[in-house]
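Trainee: Show me how the following folds:
(chains A and B)
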Protein chains: 2
Amino acid sequence: MNQDAKKITDLIVEVDGKQFIKRHLSDLHPADIADIIETLDEEKKKEVFNLLKTETASDVILEVNDQSREQILEDINKEKLTDIVEEMASDEAADLIADLSKEEARDVLEKLHWKDSAEVQKLLKYPEDTAGGIMQTELLSIREEMLVEDAIIEYMAISQDVGNIHNAFIIDKDRKLVGVIPVRNLLIIKAETPISKVMVRNVISVNAHVDQEEVAKIFKKYDFVSLPVVDDEGKLVGVIVIDDIIDVLIEEASEDMLHLAGVYQDEKVTDHPLKSVRMRLPWLIINLATATLAASVVGLFQDTLQAMVILAIFMPIVAGMGGNAGTQALTVTVRGIALGELSFSNAKRAVLNGITIGILNGVITGIIMALIAYYWKGNYMLGIVLGLAMIINLFVANFFGIIIPITLKWLKIDPAVASSIFLTALTDCIGFFSFLGLATLFIKYLI
Amino acid sequence: MNQDAKKITDLIVEVDGKQFIKRHLSDLHPADIADIIETLDEEKKKEVFNLLKTETASDVILEVNDQSREQILEDINKEKLTDIVEEMASDEAADLIADLSKEEARDVLEKLHWKDSAEVQKLLKYPEDTAGGIMQTELLSIREEMLVEDAIIEYMAISQDVGNIHNAFIIDKDRKLVGVIPVRNLLIIKAETPISKVMVRNVISVNAHVDQEEVAKIFKKYDFVSLPVVDDEGKLVGVIVIDDIIDVLIEEASEDMLHLAGVYQDEKVTDHPLKSVRMRLPWLIINLATATLAASVVGLFQDTLQAMVILAIFMPIVAGMGGNAGTQALTVTVRGIALGELSFSNAKRAVLNGITIGILNGVITGIIMALIAYYWKGNYMLGIVLGLAMIINLFVANFFGIIIPITLKWLKIDPAVASSIFLTALTDCIGFFSFLGLATLFIKYLI
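Mentor: Now for the predicted structure:
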């Protein structure tokens, strides 16, 4: 929050200078006003929101967090809500209306201008997470037989209401997309030039049914600011602007990491606990099964443990270190796959690197652990067994931390979702097996 | 890769139709050409790259991955490299030159036009990860006393060379930034209007020394397409365009998740193994220390284990489940903090949710585990002890999975970096303590 915004927040909380607030709030960017509103209590939120001009209110309601939006919209009157929705781009209006109750949504749609209402209803038909679900229908479309001057006139008309028109899309008589030209470039072309002479013909577009993640990848790859959306016949139906896609790009980037930790993308701290339980429990139950597998490996060595119960004390260390090293390798690999740094062509090098890392980290931490065991329990053979087990386990952890996600990728399974379960099971089992197995082999030197 | 791109790749590999390649490659977007080049072997990469026109080559070299760029630039001649650099925006040229060896960089800088060379050298002085390090110096700056028609003439001049000019920045006689206007809006204003009458005065800018992560947050918050950069005196020195910031936004989003796994942001699968070891080893050593702590908790119950070695078999399950549930809670919390969903004001609700989730998941998995233990070992009391220990540990895991990152945030320590170490230590210690402690209490019913 900038200096001005802080000052205004203080003023709202301390004094109650409505005129002052009204005058100064409107100077701020809607995102800053939203920041201020979020810090206020429920009553003040509504009060300050009601002081905003409709146009500003329309921007601010889109910027505040879910909780504040809910509170503000709780008992807003239908007319005011309709006015606010009128000011929005079609995609924003559709998103807001989708969040309302059925009756409220119907009321607002009825009160809207029939043209706006039709646009919004068309958008509401597309699933939320597709190109159609995030596009806006307000765009600048120009017929290919038009001249540059006609395009400028069209732009003048639309820019009164819509602020984020970056490109003019050129269509043929069937509304099929045939070209594109940045609006700003119309400035430097003679007014009487036919649009078809100056447009770029090789225009990249996306079908309305394409998943938003695919759309985000197109924006990232081609550095676009806006992308036209077409229907199955190649007809222009909307446009997606970069700011609508930024959140998708960010979600995409953190999604794999969340999967690795056994939580789903759309879980939030403020969700109802039952929703969280439903999302997390399946992972825990799978973990229970794999942990039972690890336990049964320990069970194999019941006699050794009986003979030397001290071994049980060191079990958590071998398993824990393997799990930790495996998570490191897995995270780097999954991210490498996601960012395209790792492919089948350089997989061999990555695996060799992983083996080297595993052995080096294994030897260093193995020696440290052997020393700890020796000084703690005064048994040098125990130290050696523990150190060796650690080297084996860190080697295994790094090797499979790379091999598992690459294999899943090859099998076309999302590497992020299933990798960590397999890996933890493996490092636990091999950690216990190598440690207790070595101890069994050398039992006569240990006791 | 689109259909055309696939066809061209096949043609490059199968036949060797240079003319065909030359003609068809130029129709593709540079990002698609880069995709094609990445799939080829080293010799073919160089061959195909050499077929590109300088302008296309300049775009393509920025789009290919690090490995391919290295291979292509390996024995390119200095003149060609200079021509390619001439075509780039100043920030891209600076990035490429920063990657060259000292001698190569000096050679290229000497061969560049003195004006370009000066721009690039100025940019090279800013640290890579600051606003100054990612901005370009090519921009449209207009003096406030100018008219709209003058601004259009300036735009015509600059747009010959630079493609991504979205805004005109208005400066006073000292080059201080005083306003902004989107270039496309110049279309709809009378040519003889003074710029100062139509510009937006409340322009948000960023100091050149600001960290790139801060810059990314500004773009995200305000939905900008470009952002002006000023020096300490408020003088306009550059502009950052959205496509330069998208990768930073994506990095930002996954950074916390990588920290949670004990790896650093800038580690790549293709890094030298020693670099990876240096980055990961400190985490493993800290983990060794906390695992030793957990081991010493097990050590407290040596007598109980001696009396009933079967308990050792179930130890990994209690600890593993706690660790897993804790990681889930931690990940959701760290992400909630990073996205601003969780603040001190709604922390209480999040903690209460966490407690509920912990108890519910604990009871369900605890019952399942108790049943497994009963059927496996035929000991119903063991099942009860195990089930209770699991409930306690999942409760603790969820509680501290929220409390630890919130506390670290409050202490102004990055919650992502330190949380998982503390949490794993805690769930291990409490898992072992509750399981072996309960077993000790009920030992006479167990044996």
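Trainee: how far away is A:M321 from B:I364?
Mentor: 30 Å (Cβ to Cβ, to the nearest Å). In short, each C-beta sits where N, CA and C put it, glycine included.
Trainee: Looking at those two, which one has more neighbours?
Mentor: A direct count of neighbours by other Cβ atoms under 10 Å in any protein chain shown for A:M321 and B:I364 places A:M321 higher, at 27 against 18.
Trainee: Need the pLDDT of that one.
Mentor: pLDDT for A:M321: 90.
Trainee: Now for it: which residues touch it?
Mentor: A:M321 makes contact with A:365, A:369, A:390, A:393-394, A:431, B:284, B:287-288, B:291, according to Cβ atoms under 8 Å, 6 or more residues apart in numbering or on different chains.
Trainee: Those in helices, which ones?
Mentor: Secondary structure defined by DSSP state H assigns A:365, A:369, A:390, A:393-394, A:431, B:284, B:287-288, B:291 of those to helices.
Trainee: List buried members of those residues by neighbour count.
Mentor: A:365, A:369, A:390, A:393-394, A:431, B:284, B:287-288, B:291 (16 or more other Cβ atoms under 10 Å in any protein chain shown).
Trainee: Return the closest of those with respect to A:V200.
Mentor: B:L284 (53.1 Å; Cβ to Cβ).
Trainee: how far away is that closest one from chain A?
Mentor: Using Cβ to the nearest Cβ, to the nearest Å, B:L284 is found at 5 Å from chain A.
Trainee: I'd guessed that residue sits against A:G323; true?
Mentor: No - look at B:L284 against A:G323 with Cβ atoms under 8 Å: they stay out of range, at 11.0 Å.
Trainee: so A:V210 makes contact with A:T130?
Mentor: Yes - counting by Cβ under 8 Å, A:V210 touches A:T130, with 6.3 Å between them.
Trainee: Could you check which of the two is surrounded by more residues?
Mentor: It is A:T130, of A:V210 and A:T130, that has more neighbours when counted by other Cβ under 10 Å, with 20 against 15.
Trainee: Spatially nearest residue to that one, not counting backbone neighbours?
Mentor: Excluding its sequence neighbours, the residue lying closest to A:T130 (Cβ to Cβ, 6 or more residues apart in numbering or on different chains) is A:H209, at 5.6 Å.
Trainee: what secondary structure does the one you found sit in?
Mentor: coil (DSSP: H, G, I helix; E, B strand; the rest coil).
Trainee: try the one 10 residues further on
Mentor: Secondary structure assignment for A:F219 (three-state DSSP): helix.
Trainee: Just want the phi and psi numbers for A:T270.
Mentor: Main-chain dihedrals, A:T270, degrees, to the nearest 10: phi -90, psi 0.
Trainee: what residues does the stretch 101-250 of chain A put near chain B?
Mentor: Neighbours of chain B within the stretch 101-250 of chain A, by Cβ under 8 Å from any Cβ of the partner chain: A:152, A:155-156, A:159, A:165-166, A:182-188, A:202, A:204, A:219-223, A:225, A:242-243, A:246, A:249-250.
Trainee: Go again with 7 Å.
Mentor: Within the stretch 101-250 of chain A, the positions adjacent to chain B are A:152, A:155-156, A:159, A:183-188, A:202, A:204, A:220-223, A:225, A:242-243, A:246, A:249-250 by Cβ under 7 Å from any Cβ of the partner chain.
Trainee: Please apply the same query to the stretch 301-447 of chain A.
Mentor: Within the stretch 301-447 of chain A, the positions adjacent to chain B are A:302, A:305-306, A:309, A:312-317, A:319-321, A:324-325, A:327-328, A:331-333, A:335-336, A:341-342, A:346, A:349-350, A:353, A:356-357, A:360-361, A:364-365, A:368-369, A:372, A:428 by Cβ under 7 Å from any Cβ.
Trainee: Please list only the buried members of those residues.
Mentor: The buried subset of those (16+ other Cβ under 10 Å) comprises A:305, A:309, A:312-317, A:319-321, A:324-325, A:327-328, A:331-333, A:335-336, A:341-342, A:346, A:350, A:353, A:356-357, A:360-361, A:364-365, A:368-369, A:372, A:428.
Trainee: Number of residues surrounding A:L236?
Mentor: By the measure other Cβ under 10 Å, the count of residues near A:L236 is 22.
Trainee: export the buried ones among the ones in helices among the contacts of A:M321 to a markdown table and tack on distance to A:T56?
Mentor: A markdown table is the format used below for those (distance: Cβ to Cβ, whole Å):
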| residue | distance to A:T56 |
| --- | --- |
| A:T365 | 58 |
| A:M369 | 62 |
| A:M390 | 62 |
| A:N393 | 60 |
| A:L394 | 58 |
| A:G431 | 60 |
| B:L284 | 53 |
| B:N287 | 51 |
| B:L288 | 56 |
| B:A291 | 56 |
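Trainee: Can you tell me which of those residues lies closest to B:A89?
Mentor: Nearest to B:A89 among those, with distances taken as Cβ to Cβ, is B:L284, at 42.5 Å.
Trainee: Tabulate the CA atom coordinates of the helix or strand where A:S196 lies in CSV.
Mentor: With elements taken from DSSP states H and E, the one containing A:S196 is helix A:195-198. Extracted as CSV, the C-alpha positions of helix A:195-198 are listed here (Å, rounded to 0.1, in the frame of the first residue of the first chain):
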residue,chain,number,x,y,z
ILE,A,195,-7.0,-2.8,-43.8
SER,A,196,-6.3,-6.0,-45.7
LYS,A,197,-3.1,-4.5,-47.0
VAL,A,198,-1.6,-3.8,-43.6
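Trainee: Centre of the chain to that helix, how far?
Mentor: Its chain's C-alpha centre and that of helix A:195-198 lie 39 Å apart, by Cα atoms, centre = their mean, to the nearest Å.
Trainee: Give me the residues contacting stretch A:102-119.
Mentor: A:78, A:81-82, A:85-86, A:90, A:97, A:100, A:120-121, A:137 (Cβ atoms under 7 Å, 6 or more residues apart in numbering or on different chains).
Trainee: Quickly name whichever of those residues is closest to chain B.
Mentor: Nearest to chain B, judged by Cβ to the nearest Cβ, of the contacts of stretch A:102-119 is A:S90 at 16.7 Å.
Trainee: thought the closest one was touching A:T137?
Mentor: Yes - counting by Cβ atoms under 7 Å, A:T137 is a contact partner of A:S90 at 4.4 Å.
Trainee: intersection of neighbour lists for those two?
Mentor: A:119, A:123.
Trainee: What about the residues of the stretch 101-250 of chain A next to chain B, which are in helices?
Mentor: Using DSSP H, these in helices are A:152, A:155-156, A:159, A:220-222, A:242-243, A:246, A:249-250.
Trainee: For PyMOL, what selects the buried ones among those residues?
Mentor: To isolate the buried members of those in PyMOL, using 16+ other Cβ under 10 Å:
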select buried, chain A and resi 152+155+159+220+221+242+243+246+249+250
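Trainee: now the ones in helices among the residues of the stretch 101-250 of chain A next to chain B in CSV, with distance to A:N379 and pLDDT?
Mentor: Below are these laid out as CSV (distance: Cβ to Cβ, whole Å; pLDDT from 0 to 100):
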residue, distance to A:N379, pLDDT
A:I152, 87, 92
A:Y155, 83, 93
A:M156, 87, 90
A:S159, 81, 87
A:K220, 56, 87
A:K221, 59, 87
A:Y222, 63, 88
A:I242, 64, 92
A:D243, 64, 86
A:I246, 58, 87
A:L249, 55, 84
A:I250, 52, 80
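Trainee: Out of the ones in helices among the residues of the stretch 101-250 of chain A next to chain B, which comes closest to A:A31?
Mentor: A:D243 (11.1 Å).
Trainee: Relative to A:T333, how far out is the closest residue in space to A:Q302 that isn't next to it in sequence?
Mentor: With sequence-adjacent residues excluded and distances taken as Cβ to Cβ, 6+ apart, A:Q302 is closest to B:V309, at 6.1 Å. Using Cβ to Cβ, B:V309 is found at 38 Å from A:T333.
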